[in-house]
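**Q** what's the 3D shape of this:
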Amino acid sequence: MRLLAFQLLSLTLFFSTSVARNSRRSLDTSVAINHKRSANGFSNRSALYGEDPAELVKRDGTKYVFMHHIVGNTYPYTSADWIDDIQKIQAKGVDALALNIGRSEWQRAQVALAYAAAQTLGTGFKLFYSFDFAEMDCNLADFVARVNQYGNHPNQFKVNGKPMISSYSGDCLGNAGWASLKQQTNGYLMPFIWGLEGKFQEWPALDSWYCWGCAWPQGNYPKNTDDDNYYISQLGTRYATTVSMWMYTHFSYKNFYLRGDDWLINTRWEQIMAMRDTLTFVEMVTWNDYGESDYFGPIKGAQPDGTTWANGFPHIAWHDMSEYYITAFKTGSYPAITQDVIYFWARPHPAGATASGDSLGKPKGWDWTEDSMWAAVFATSPATVILKCGSSSSTFNVNTGVTKLKIPLAAGKMTVQMIRGGQTIIDKTPSDFTYVTNPVLYNYNAWVGSASATGAPPPPLPSSSSSSSSSSSSATSTTSTAPTPTITAGGVPWNYQGCYQDDAARVLSNGPFADSQQTVGKCLAYCRNLGSYAFAGVEYGTECFCSNTIRAGAVKAPESDCSKPCAGNANEKCGEGYRINIYQAASGSPSTSSSSTPTAPTPGPTPAPTPPVSSWSHMGCVAEGTTGSRRALTAASYSQPNMTPQVCQSLCSPYLYAGVEYGIQCYCGDSLQNNGASGNVISSSNCDKNCGGDANQKCGGSWTMNVYTKVVSTEWSSAGCYIDSSSRMLRGSFISQNGMTTETCIGICSNGGFTMAATEYGKECHCGSQLFKEGGGGVATTSNQCNMPCDGNAGQTCGAGWRGNLYLKPGSVITRREDLDPSGGFFAWVFSFLG
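**A** Numbers count the residues shown, from 1 in each chain. I've put the predicted structure just below:
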């Protein structure tokens, strides 16, 4: 039988003499209630009889994000504290606070302050009760009175006019008690009650149910969605879930750590995006649970007695970073990145260290973490990123978007840097964190920080398929300009036709072609290059449609209906939900813009898609990943009915890899090893789908891709076999991946702006523009010492252990100069570009 992926929670209460500080719940598995069920043992027919959130009338058809707030940690709060919390929380897109309330009478006054603060702000922020049954008496009358006190408050969160009621635990009421609470308050019920697996049909009063423990992995493995899928199989769209970032506590009565590695917060948000069609409610846990280290907010209020691991360990940067994912969950599209930011975090000492002054001992799960510095890079355009901790340092090339990085920890300070165009735009070394190897007290909490580029981000690189200029998106701009009457893209002028109503039948027949960095110019150029289409349209911020005609009967809409900023340029308009801005290529007959049923001329034969600039080589069939979004290629994606490998290669021209999947899908990227993907070639029988645009070619399968690698010009010359060392002869960037070939490595280094490339140990690629002779490395040796076949082409050699095949950019030579070190220590082979 499959083990349920989390062990449900045990609770131990701890009261100080002032009764002001309450410890929070524990996931301590030593006394946990275990629920081990097989997901196969339950039918999908299990049903609740409450209201399905997927069928509710929701605000603008969107999703909801809540923040769990521990009222028990707010004893010294004033109205100003609540106002500060609400402003910080609402600023990132959160809809409401779930007020976790315990039995202490003083907490009633804090709830009153919270509601009053929300009303004072006048921003429409909402609140609702989350009763902590692990601490409260099971008094139905009390719960009814509390809910009804705020049931008609203007800041009460409601679902279809019904006040939301949530909880932690609550089995003491039974279904009859919950039904009575619902009847007496006209409430909407979304509790977390453990032990209902396989028995949800016995609790028909519940409208929804959320999974508290699904926010964390419950063993020494990365977080996955097994728990979520287990409950979805029983609850369907009534299921709600949670997202968190860390879990560590170190009291005498609960002392454990849950794995927070593998970029837990980013990965969990990505998983939630993958489940978005099923979910309506997501709860962030928590704002201020300092005792268990799962706090998004600043450290304030009252911590549980004995908490030694929270002060000096800020987490607010995780809250800031979550805005990106909250926006994506609520809109369905990842927003454009308008500022370069590096978010980074680490624990303060090695996992296996022995604390000299701590009598409690290591926490359970201490060996579930690795000693790494973690980073999530949000880049407006390609850049070089350097991560350092003490003597540990690595350099990475990152593309536009979000890139997750890590390096080993070493004693000392952390530093993050970003370099673009030869200029350092981020350089930060926090003074309030030092990684030590000899701790006095155990602390498996994380110190979290961020560093942003100063000033406005530089303009993005021009699209390879568009001749029109693209202006950068302003982080502070909220107003889009009116559509430009004429814009040149794809080598031809396009005339704006107006804002049109759209529907499921589509006004323009081909699409949508989604792009997280969509602009008007990019869409027009795409439609031109794809098939010289006469019409192109942008919709819902990220979508592009192409056609040779506008559907008969199409109706114009007011320009104000097309108000959504383009994801790649907030100064442009890209339609709205079922509203589309349409443009016509000037080569066609003019459109009668005043007509509600415009027609387009019948064009001549549609030419084939523009062939890719570079040639491509078929690598083979490759499986997608096993975690997060599962996507092995994460840079760009497209879906269109006429897909072929050649069309995909054209779309992926800026990248090293192009992958076709499920007949009509295309994925692009520079690495095949994202989201748990190995990058290994598997049997071609797994890629058996005919291409939508050519049934004679194969375009992957279900979660498998036919992958093509870009073949870069072999004008780069071989400099022979060189000895490498631990200090590395090339220090610009490094990547190790399956399927490595000489061409792949040269492409990686060329795209990164480097002038030297070296393949090593079958799978490794090293880049740089300077050859260092240090530690025995950087010295030429005989060619027979580079004897390891390339992982992606056994007919090529890719170095060996500490041996690299070195390649040089055309028009260059290797020159040698003595390093200026007065000790005369080592020489550096300096690569000079003479062209």
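
**Q** what average pLDDT does the strand or helix carrying Phe131 get?
**A** In this structure, Phe131 sits in strand 126-132 according to DSSP states H and E. Taken as a whole, strand 126-132 carries a mean pLDDT of 97.

**Q** do the same with stretch 446-458
**A** For stretch 446-458, the mean per-residue pLDDT is 76.

**Q** re earlier: what packs against the strand holding Phe131?
**A** Counting contacts by 3 or more Cβ pairs under 8 Å, 6 or more residues apart in numbering; DSSP states H and E, strand 126-132 is packed against strand 96-101, helix 106-121, helix 140-150, strand 162-168. In short, each C-beta sits where N, CA and C put it, glycine included.

**Q** contacts for that strand next, please.
**A** 25, 68, 72, 95-102, 111, 114-115, 118, 143, 146-147, 150, 155-158, 163-170 (Cβ atoms under 8 Å, 6 or more residues apart in numbering).

**Q** that older thread, dump the helices and strands packed on strand 126-132 into TSV; add mean neighbour count and distance to Gly775 as well.
**A** As requested, these are exported to TSV (neighbours: other Cβ atoms under 10 Å; distance: least, Cβ to Cβ, whole Å):
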stretch	mean neighbour count	distance to Gly775
strand 96-101	26	56
helix 106-121	18	61
helix 140-150	17	68
strand 162-168	25	56
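
**Q** which of the ones you listed sits closest to Glu661?
**A** With Cβ to Cβ as the measure, strand 96-101 is the member of these nearest Glu661 (38.1 Å).

**Q** that closest one: partners in the sheet, and parallel or antiparallel?
**A** With DSSP bridges as the test, strand 96-101 is paired with strand 64-70 (parallel), strand 126-132 (parallel).

**Q** which regions of the stretch 151-300 of the chain lie under the pLDDT threshold?
**A** Low-confidence segments of the stretch 151-300 of the chain (pLDDT under 70): none present.

**Q** still on that earlier bit, and the helices and strands packed on strand 126-132: which comes nearest Phe378?
**A** strand 96-101 (26.4 Å).

**Q** what's the offset of the closest one from the middle of its chain?
**A** 26 Å (Cα atoms, centre = their mean, to the nearest Å).

**Q** and if you look at stretch 750-761?
**A** 28 Å.

**Q** re the thing from before, orientation of the strand holding Phe131 relative to helix 106-121 in degrees?
**A** Comparing the axes of strand 126-132 and helix 106-121 via axes from the mean of the first three to the mean of the last three Cα atoms, to 10 degrees yields an angle of 170 degrees.

**Q** restricting to C-alpha, output strand 126-132 in PDB.
**A** Output of strand 126-132 as PDB, limited to C-alpha atoms (Å, rounded to 0.1, in the frame of the first residue of the first chain):
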ATOM      1  CA  LYS A 126     -10.500  40.600   3.900                       C
ATOM      2  CA  LEU A 127     -10.200  38.400   7.000                       C
ATOM      3  CA  PHE A 128     -11.800  35.200   8.300                       C
ATOM      4  CA  TYR A 129     -11.600  32.900  11.300                       C
ATOM      5  CA  SER A 130      -9.400  29.800  11.400                       C
ATOM      6  CA  PHE A 131     -10.300  28.100  14.700                       C
ATOM      7  CA  ASP A 132      -7.400  26.200  16.300                       C
END
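
**Q** and the angle for that strand with helix 140-150?
**A** Going by the same axes, to 10 degrees, strand 126-132 makes 170 degrees with helix 140-150.

**Q** number of nearby residues for the residue lying closest to Ile89 once chain neighbours are set aside?
**A** The spatially closest residue to Ile89, leaving aside those adjacent along the chain, is Met67, at 5.1 Å (Cβ to Cβ, 6 or more residues apart in numbering). By other Cβ atoms under 10 Å, 26 other residues sit near Met67.

**Q** Met67 touches Ala91, doesn't it?
**A** No - using Cβ atoms under 8 Å, Met67 is not in contact with Ala91, being 11.6 Å away.

**Q** and Arg37, what pLDDT?
**A** The model's pLDDT for Arg37 equals 26.

**Q** looks to me like Lys88 is in a helix.
**A** Yes - counting by DSSP: H, G, I helix; E, B strand; the rest coil, Lys88 is found in a helix.

**Q** would you enumerate the residues in contact with it?
**A** Here Lys88 is in contact with Gly297, Pro298, Ile316, His319 (Cβ under 8 Å, 6+ apart).

**Q** make TSV out of those and add secondary structure and neighbour count.
**A** Shown next, in TSV, are the contacts of Lys88 (DSSP: H, G, I helix; E, B strand; the rest coil; neighbours: other Cβ atoms under 10 Å):
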residue	secondary structure	neighbour count
Gly297	coil	23
Pro298	coil	15
Ile316	helix	16
His319	helix	25
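
**Q** how about those, which pair is most distant?
**A** Pro298 and His319 (9.0 Å).

**Q** let me see the ranges of the helices in this protein.
**A** Under the criterion DSSP state H, the chain contains helices at 79-91, 106-121, 140-150, 174-185, 226-235, 264-274, 316-331, 520-531, 645-651, 742-751.

**Q** what's the closest of these to Ala623?
**A** Once the helices of the chain are compared by Cβ to Cβ, helix 264-274 is nearest, at 16.7 Å.

**Q** okay, now the unreliable bits of the protein?
**A** In the chain, residues with pLDDT under 70: 1-61, 454-482, 504, 516, 530-531, 587-614, 711-714, 751-752, 811-835.

**Q** so how far is Ala302 from the nearest residue to Arg731 once chain neighbours are set aside?
**A** Leaving aside its chain neighbours, Arg731 sits nearest to Gly768 (5.5 Å; criterion: Cβ to Cβ, 6+ apart). Per Cβ to Cβ, to the nearest Å, Gly768 is found 53 Å from Ala302.

**Q** next: Ser718.
**A** Using Cβ to Cβ, Ser718 is found at 67 Å from Ala302.

**Q** do Val416 as well
**A** Distance of Val416 to Ala302, given as Cβ to Cβ: 33 Å.

**Q** okay, now the closest residue to Leu140 other than its chain neighbours: neighbour count?
**A** Spatially, and ignoring its direct neighbours in sequence, Leu140 is nearest to Gly177 (5.5 Å; Cβ to Cβ, 6+ apart). Using other Cβ under 10 Å, Gly177 has 16 other residues around it.
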